[in-house]
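Novice: Need coordinates for the following:
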Amino acid sequence: MRSHLQNPSDKMDHQAYSANDNVCPVHRDEHGSWWPHALASGAVPRLEDPLQRGYPAAPLAPKNGRLYDAWYHKKVVLKGVSWFGFNNKQGMVDGLWAGGSSAATDFQAVVYELKLLGFNTVRLPFTFDMLKSRGLNQVQKCTSSTKSSWAKRATDPDIQPQPEYAGVPNPPVYLDVPVTSRHLCNTYLPSNNTASIERLMWTVQNLVANGFYVVLDYHPDPTDTLALDVETFARAWTYTWAAVACLPNFASDIRGRLLLDLLNEPDKIGTAGLGWTRSGTVPGLDELYLTTMDTIESITPNDALFMVQGSVLSQATDRGARDNKFGLSAGDGFVTNTATMSKYDLTDPRGFFNELLKRPYKNRLLLAPHLYGPSVSGVAAAAAFDVAAKVDSSWGVLATDGYCNGNECMRLPVVAGEMGSQLQTQDDLAYYDGIAQYVQLGIAGDGSESPLVGWIWWAYNANSAGTGGLTTDDWQDLLWPKIRYLVDYYGLKPWYENPAAFIKNIEAEKNDALMARAAADAAAHSAAGAADQSPLNLTGLPVVRFGAKPSADAAAAGAGAAADTTVGGQLEVPATVEYIP
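Specialist: Numbers count the residues shown, from 1 in each chain. Next comes the predicted model:
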């Protein structure tokens, strides 16, 4: 492997990178049916070679309804794209099989192009079943291309004059390909001979090294019933998070750059969907989310950033998965106003928010509603002011005024976890124009006046039903009307708009990352020398069950019962930064 870094002192220190490589074995417990096969032996997912560390972005520091970078306290707006594949049997992001030019079908080329287009976030939908399974072979024949070809693909062809493609900065991570393999793409990916979680961990590290924030999104098919079992769901997430937290560069490079989107569109799960509160044997989102976050927090305090989606379901006992009286997109639904909840018979999220205010991670949670126009949501078209009024009553008020329980108020950061469309109908264009007017990201590009701290477009994939992708059906070319729309209305800033400023910003990000890494590595080595290197041991992991009554034995144990809720051999992760209180 080689890097494009010109200064020898900038090259990756493999020894520093792998210093903690063996301090975090994970042991399977008696509930380990959801623990991926590759980890059953107690080994953390390992790469055959250490991955280049590149230049991670600054860790995120949520505060008072905003996102900041934790190094310089500058506002951050997430501008993202979903790239699925870990949820549809590929066992890797999709489209790498398409062939054609490597500029369109090679992983490192596409990642570089997304960065040139101005995206700073990639959302990776996955399922726990896929993480346990082998994916498909992604090595394919392709036509070799150069960095200039990658830059050309990421440049609006209508821009005149065209910029100098050769002037773009080098990719933060460059994965060298032997001469004998120059007409093959994706030869450097982890093998598909093991469980797909290894590729997911590799992909997370690669994207972070390329300066992206990464969202892990549990994205099951609506027929998947895992979320109906609270404890199993919490364990599945905790084991997956443990794999991330045990990566050797977690503390210095990954912490604060990864967000956990706990459940995609919960109002479509199972036969009836999930509301905010329990309905018979169907758990509420309050119980599901709090149990999962409490359990993750119990093994790695202060480390995880969470995202949660809402529910549009009514409280009616005969409600169906799409009983949506208020007219919000699936995955939206955070209405806390009593009169509105009563009028539309909505399930009540206030119990969740009241409990959240008591939690140590309350400042590390983002709301992630989905925003879809009529062609996808099935909700009737409405005037722009009506669209704005509905989303304001759902999450806008929580971002701007905050949630108050009578004693305490807290503003919650909001990122549009999914939005997407073919942008070919007047109703969809009117919907997204109305959202754009409300969130004002096209005007206030830094997010200073917007109720949103970011958005994630669905999806990069050409094979996305309903919305299409950012590419043509053959994956070879980008769909420029969509890119231009995001530039004009949602603040996307591609490299070709101001190449000099883009290059200057990339260089500044590189220097910031190198300085922060030096400090973090020094702190990690110091902590490693002084601390007991006990492993993160999940044997007998107790789920921190929200809302469960203690057993008679536990109640009788008194103080001993409290001790039983802690995890032995807790992982001590050196902090890269302190989150802003």
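
Novice: correct me, but residue 71 touches residue 60?
Specialist: No - contact criterion CB atoms under 8 Å: residue 71 and residue 60 do not qualify, at 10.7 Å. Every residue, glycine included, has its C-beta placed from N, CA and C.

Novice: more neighbours, the two?
Specialist: Neighbours were counted for residue 71 and for residue 60 using other CB atoms under 10 Å; residue 60 has more, 24 against 16.

Novice: Show the contacting residues for the more buried one.
Specialist: Neighbour list for residue 60: 67-70, 76, 213, 256-257, 259, 305 [criterion: CB atoms under 8 Å, 6 or more residues apart in numbering].

Novice: now residue 512
Specialist: Contacts of residue 512 (CB under 8 Å, 6+ apart): 58, 71-72.

Novice: okay, and for this structure, where does confidence drop off?
Specialist: 1-51, 176-181, 316-323, 441-448, 524-542, 544, 546-581 (pLDDT under 70).

Novice: my read: residue 521 touches residue 251, true?
Specialist: No - if you go by CB under 8 Å, residue 521 and residue 251 don't touch, sitting 9.2 Å apart.

Novice: ok, those two, which is more surrounded?
Specialist: The neighbour comparison of residue 521 against residue 251 (other CB under 10 Å) goes to residue 251, with 24 against 20.

Novice: How much space separates the more buried one from residue 272?
Specialist: 42 Å (CB to CB, to the nearest Å).

Novice: ok, now residue 212?
Specialist: Residue 212 is 36 Å from residue 272, by CB to CB.

Novice: who touches the closest residue to residue 193 other than its chain neighbours in this structure?
Specialist: Once flanking residues are discounted, residue 193 sits nearest to residue 134: 6.9 Å by CB to CB, 6 or more residues apart in numbering. Neighbouring residues of residue 134 by CB under 8 Å, 6+ apart: 91, 192-196.

Novice: in this protein, which residue is closest to the centre?
Specialist: Geometric centre of the chain, nearest residue: residue 215, 0.8 Å, by CA atoms, centre = their mean.

Novice: can I assume that one sits in a helix?
Specialist: No - using DSSP: H, G, I helix; E, B strand; the rest coil, the secondary structure at residue 215 is strand, not a helix.

Novice: Identify the residues contacting the closest residue to residue 164 other than its chain neighbours.
Specialist: Excluding its sequence neighbours, the residue lying closest to residue 164 (CB to CB, 6+ apart) is residue 499, at 7.5 Å. For residue 499, the contacting residues are 163-164, 167-168, by CB under 8 Å, 6+ apart.

Novice: Looking at these, spot the one nearest residue 266.
Specialist: residue 168 (40.9 Å; CB to CB).

Novice: Spatially, which residue comes closest to that closest one, not counting chain neighbours?
Specialist: Nearest one to residue 168, counting by CB to CB, 6+ apart, is residue 151 at 4.5 Å.

Novice: ditto for residue 310
Specialist: residue 333 is the one closest to residue 310 (CB to CB, 6+ apart), at 3.5 Å.

Novice: Equivalent analysis for residue 347, please.
Specialist: Nearest non-adjacent residue to residue 347 (CB to CB, 6+ apart): residue 275, at 3.4 Å.

Novice: the strands in the stretch 151-300 of the chain, which residues?
Specialist: Along the stretch 151-300 of the chain, the stretches classed as strands by DSSP state E, counting those that start in this stretch are 184-185, 213-218, 258-261.

Novice: circling back: from the contacts of residue 60, which is closest to residue 362?
Specialist: residue 305 (12.0 Å).

Novice: I'd say the closest one and residue 413 touch.
Specialist: No - taking CB under 8 Å as the definition, residue 305 is not a contact partner of residue 413, at 9.9 Å.

Novice: Pick out whichever of the two has more residues nearby.
Specialist: Remark: of residue 305 and residue 413, residue 413 carries more neighbours, 28 against 24, as counted by other CB under 10 Å.

Novice: tell me which residues form a beta bridge with residue 60?
Specialist: Beta bridges link residue 60 to residue 69, judged by DSSP bridges.

Novice: Tell me how far residue 472 lies from residue 117.
Specialist: 15 Å.

Novice: for residue 101, that is, sorry about that
Specialist: Distance from residue 101 to residue 117, by CB to CB: 17 Å.

Novice: Among the two, which residue is more densely surrounded?
Specialist: Neighbour tally, residue 101 and residue 117, criterion other CB under 10 Å: the higher count belongs to residue 117, 23 against 20.

Novice: The more buried one: what's it in contact with?
Specialist: Shown in contact with residue 117 (CB under 8 Å, 6+ apart): 154, 478, 483, 492, 494-495.

Novice: again, but for residue 106
Specialist: 96, 142, 145, 185-186.

Novice: Mind doing that once more with 10 Å?
Specialist: Contacts for residue 106 (CB atoms under 10 Å, 6 or more residues apart in numbering) come out as 96, 112, 138, 140, 142, 144-145, 150, 175, 177, 184-189.

Novice: Next: residue 392.
Specialist: 398-400, 438, 451.

Novice: Is there a quick ChimeraX command that grabs whichever of those are buried?
Specialist: Remark: buried members of these, expressed as a ChimeraX selection using 16 or more other CB atoms under 10 Å:
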select :398,399,438,451
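
Novice: Does residue 437 fall in a helix, a strand, or a coil region?
Specialist: Residue 437 - assigned by three-state DSSP - is helix.

Novice: For stretch 217-231, buried residues please.
Specialist: Buried residues in stretch 217-231, counting neighbours by 16+ other CB under 10 Å, are found at 217-220, 226-228, 230.

Novice: buried ones in the longest helix seen in the chain?
Specialist: The longest helix of the chain (DSSP state H) is helix 499-530. Neighbour counts using 16+ other CB under 10 Å place 499, 502, 506, 509-510, 512-513, 516-517, 520-521, 524 of helix 499-530 among the buried residues.

Novice: Now do the end-to-end distance for stretch 78-93.
Specialist: 20 Å (CA to CA, to the nearest Å).

Novice: before we move on, what about stretch 122-134?
Specialist: The first residue of stretch 122-134 is 22 Å away from its last residue (CA to CA).

Novice: how far does it sit from the chain's center?
Specialist: Stretch 122-134 sits 13 Å away from the centroid of its parent chain (CA atoms, centre = their mean, to the nearest Å).

Novice: burial count for the closest residue to residue 517 other than its chain neighbours?
Specialist: Excluding the flanking residues, the one nearest residue 517 by CB to CB, 6+ apart is residue 252, at 5.9 Å. Residues lying near residue 252 (other CB under 10 Å) number 24.
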